[in-house]
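>>> Got a predicted structure here, sequence first:
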Amino acid sequence: MDRLCFTVSNAVNTGCILACNPYNCPPYKTVVRLAHGYPENLSMTTQLPSLQQWVDEVAARTQPNQIHWCTGSDIEYQKLIDMMTADGTLSPLDQDEYPNCYLHLSDPSDVARVEHLTFVCTKEQEDAGPNNNWMSPADGHAKIDALFEGAMKGRTMYVIPYCMGPIHSPYSRCGVEITDSPYVVANMKLMTRMGSEALARIESEEKFVKGLHSTGDLDPERRFIMHFPHELSIKSFGSGYGGNALLGKKCHALRIASYQARTEGWLAEHMLIMGVENPDGQTHYIACALPSACGKTNLAMLIPPESLPGWKIWTLGDDIAWLHLDETGQLRAINPESGFFGVVPGTNEKTNKNAFDMIHRDAIFTNVGRTADNKPWWEGKNVGEPAFDWQGQEYDPENGPAAHPNSRFTIAATNNPSYSSLSEAPEGVPISAIVFGGRRATVTPLVYEAKNWKQGVMLGASIGSKLTAAAAGEVGKIRRDPMAMKPFCGYNFGDYWQHWLSFEDRTNKLPKIFGVNWFRQDDDGNFLWPGFGENLRVLRWIIDRCENRVGAVESPIGLLPEDGGIDTTGLDLSAEVMRALTTVDVEHWRTENSHFSDYLDGYGKHVPNALREEQRHMAAELEKLA
Ligand code: OXD
Ligand code: MN
């Protein structure tokens, strides 16, 4: 049956172009722009020849049955959901307790980002840097284009115009994703500003990132995610998983955007954006980079503990920040996304009540388990029992967890109880502090402050963290993850650090930079810091430092809280544990510094001198204390 003729009975469907392959039906352009059953889609067409030409070329190569230009309307979303429910791509969850919530179970081989199959294709290998897998643009195109030949036969090709960032913001950038996956379209609707308004902006700017995606046959041997930064284009084949397939997210808003940001003088970062309002009603905005699955969503939606009455948190984003200097030299942030693609396991009333509440309606769940009464279930939910696992099999603990450790929810940001309406502000929000963190059982203190911008850039560049399930690989191993951008920087890290350093020459209003680590453990593996809502105590110290309200202790790695500097009233934490959390172990840091020095060596002449000097300066300061 024609994929666009949804099975729901609806009079508007009579407009469907049943079984008409546009490539056999000249004049081609008139056919592909048919309404596909949606009255509101009648207006969709493009005035932009370069876009039309690209769509034509892709269609000629991939040979879809038909083409659907996405309007981004709610009716369109519902039709896609109904179609996917009918063909089994989605299963409706219990609609009383989870209205408009659906479950998608992916192919078991397709559950995470595939960093080893992700390439940055630049003319010279050193432009991609040791941080990326590289292929020449010619080889990259040839390899992946061969896979796209005829890949959409029998399928519908969806054209998704989208805008990363508020539609009317000068800081936003647009793209068009072509995909054969209705699951991708539905997710893009929740995650981005997509459809008619985005198309209008693209037509007036005449510039957009081109993203081509096909799920292919999901064969891991025929799976590649290719980026062509100089062409502002992406080609992704063989995966339906979020970070590989929702091209607006990691591929555009980080890899391509980081390259574009360097050429245009801004930063595209793997950072949450949150507003922290104190009891006097003053709000500070913080941008915080943590590696994948290290709690960015929880931090962005933090609920202040009862012991800190009057504090409020406002969420602008949980994953990506685009940072621009405004005309006064103030660093401002927008979230290019408009939804969340969060890790589900561990989400409960206590860890993230906002997320837990918001995913009770309008959410797409991917790869969670199910209870016997058809509610989604995941490890750490603390309610109900699993009856089925993420592969749809009867749950048996022998087969592993019910929910895949990287199972996800997709949901519009407006569903979040702590949603900040400034998420739509074209001018973004002023950033008071930049925070970098990682998941480290030892070495890194709970919080420390860089003495200046250069030291802050080094602090970010030297972040190391335990690998998590967000990417296919060895979970638990420590790897260097500078600025939490290891999998996402679209060019040579050496040049990226230089770009970061260059901001100091452009303004004297840069925010302070801090490091955090919520994950310190004792010898028995117990976490030393309670984390979650209590992290507000650390944010409060950060804000107090920005406002010069509290003192700090000098150390070779930066400035540390004084004894009692972090309010621990009401917490069951001994002075000894607090000291362990806020002091520098010189021997550990000498090893850390030497590992960082070896790591920098890998970037050869691309390492900025200023960064090298900072690293050597820290080594010398540590030596004095050894
Ligand atoms: C994510 C990731 O999905 O970082 O945000 O992997
Ligand atoms: Mn992320």
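On my side now, so go ahead. Note that this is a predicted model, so its numbers are computed, not measured. Ligands and ions are numbered 1, 2, ... in the order given.
>>> List the contacts of stretch 271-278.
Counting by C-beta atoms under 8 Å, 6 or more residues apart in numbering, the neighbours of stretch 271-278 from elsewhere in the structure are 283-290, 296-297, 299-300, 302, 310-321, 333, 335, 420, 422, 429, 431, 434, 484, 536, 539-540, 543. Bear in mind the C-beta positions are built from the backbone N, C-alpha and C, glycine included.
>>> Repeat that for stretch 126-133.
115-122, 134, 482, 486, 489-495, 602-603, 606.
>>> One more pass at 7 Å, please.
Stretch 126-133 is touched from outside by 116, 118-120, 122, 134, 486, 489, 491-494, 602-603, 606, with contacts defined as C-beta atoms under 7 Å, 6 or more residues apart in numbering.
>>> Report the buried residues of that stretch.
By neighbour count with 16 or more other C-beta atoms under 10 Å, stretch 126-133 contains the buried residues 126, 127, 128, 129, 131, 132.
>>> got it, and stretch 557-574?
Of the residues in stretch 557-574, those buried by neighbour count under the rule 16+ other C-beta under 10 Å are 557, 558, 559, 560, 561, 565, 566, 568, 571.
>>> Take those residues and write them to CSV, including distance to residue 349 and pLDDT.
Converted to CSV, the buried residues of stretch 557-574 look like this (distance: C-beta to C-beta, whole Å; pLDDT from 0 to 100):
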residue, distance to residue 349, pLDDT
557, 36, 98
558, 36, 98
559, 36, 98
560, 34, 98
561, 30, 97
565, 31, 94
566, 26, 96
568, 24, 95
571, 20, 94
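>>> Return the subset of those residues lying in strands.
558, 559, 560, 561 (DSSP state E).
>>> check which helix or strand covers residue 487.
Under DSSP states H and E, no helix or strand contains residue 487.
>>> So it sits against residue 115, correct?
Yes: at 5.1 Å, residue 487 counts as touching residue 115 under the criterion of C-beta atoms under 7 Å.
>>> Those two - which one has more neighbours?
Per other C-beta atoms under 10 Å, whichever of residue 487 and residue 115 has more neighbours is residue 487, with 21 against 17.
>>> any idea how far ligand 2 is from residue 171?
Using C-beta to the ion, to the nearest Å, residue 171 is found at 20 Å from ligand 2.
>>> I'd like to check what contacts the host helix or strand of residue 610. Which residues are they?
Under the assignment given by DSSP H and E, the secondary-structure element containing residue 610 is helix 609-625. The set of residues external to helix 609-625 that reach it, using C-beta under 7 Å, 6+ apart, is 454-455, 457-458, 461, 497, 501, 556-557, 586, 589-590, 593, 596-597, 600.
>>> again, only this time at 6 Å
For helix 609-625, the surrounding residues in contact (C-beta atoms under 6 Å, 6 or more residues apart in numbering) are 454, 455, 458, 497, 501, 556, 586, 589, 590, 593, 597.
>>> And for stretch 576-586?
Under C-beta under 6 Å, 6+ apart, the answer for stretch 576-586 is 445, 446, 520, 528, 555, 557, 560, 561, 622, 625, 626.
>>> returning to what we had before: and which of the contacts of helix 609-625 is nearest to residue 153?
When the contacts of helix 609-625 are compared for distance to residue 153 (C-beta to C-beta), residue 497 comes out closest, at 45.7 Å.
>>> circling back to that earlier point, export the helix holding residue 610 to PDB, keeping only CA atoms.
C-alpha atoms of helix 609-625 as PDB (Å, rounded to 0.1, in the frame of the first residue of the first chain):
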ATOM      1  CA  ASN A 609      51.500  27.300  22.200                       C
ATOM      2  CA  ALA A 610      49.300  28.900  24.900                       C
ATOM      3  CA  LEU A 611      47.800  25.600  25.800                       C
ATOM      4  CA  ARG A 612      51.200  23.900  25.900                       C
ATOM      5  CA  GLU A 613      52.500  26.700  28.200                       C
ATOM      6  CA  GLU A 614      49.500  26.200  30.500                       C
ATOM      7  CA  GLN A 615      50.100  22.500  30.700                       C
ATOM      8  CA  ARG A 616      53.800  23.000  31.500                       C
ATOM      9  CA  HIS A 617      53.000  25.700  34.000                       C
ATOM     10  CA  MET A 618      50.700  23.300  35.900                       C
ATOM     11  CA  ALA A 619      53.400  20.600  35.800                       C
ATOM     12  CA  ALA A 620      55.900  23.000  37.300                       C
ATOM     13  CA  GLU A 621      53.500  24.100  40.000                       C
ATOM     14  CA  LEU A 622      52.700  20.500  40.900                       C
ATOM     15  CA  GLU A 623      56.400  19.700  41.000                       C
ATOM     16  CA  LYS A 624      56.900  22.400  43.600                       C
ATOM     17  CA  LEU A 625      54.500  20.500  45.900                       C
END
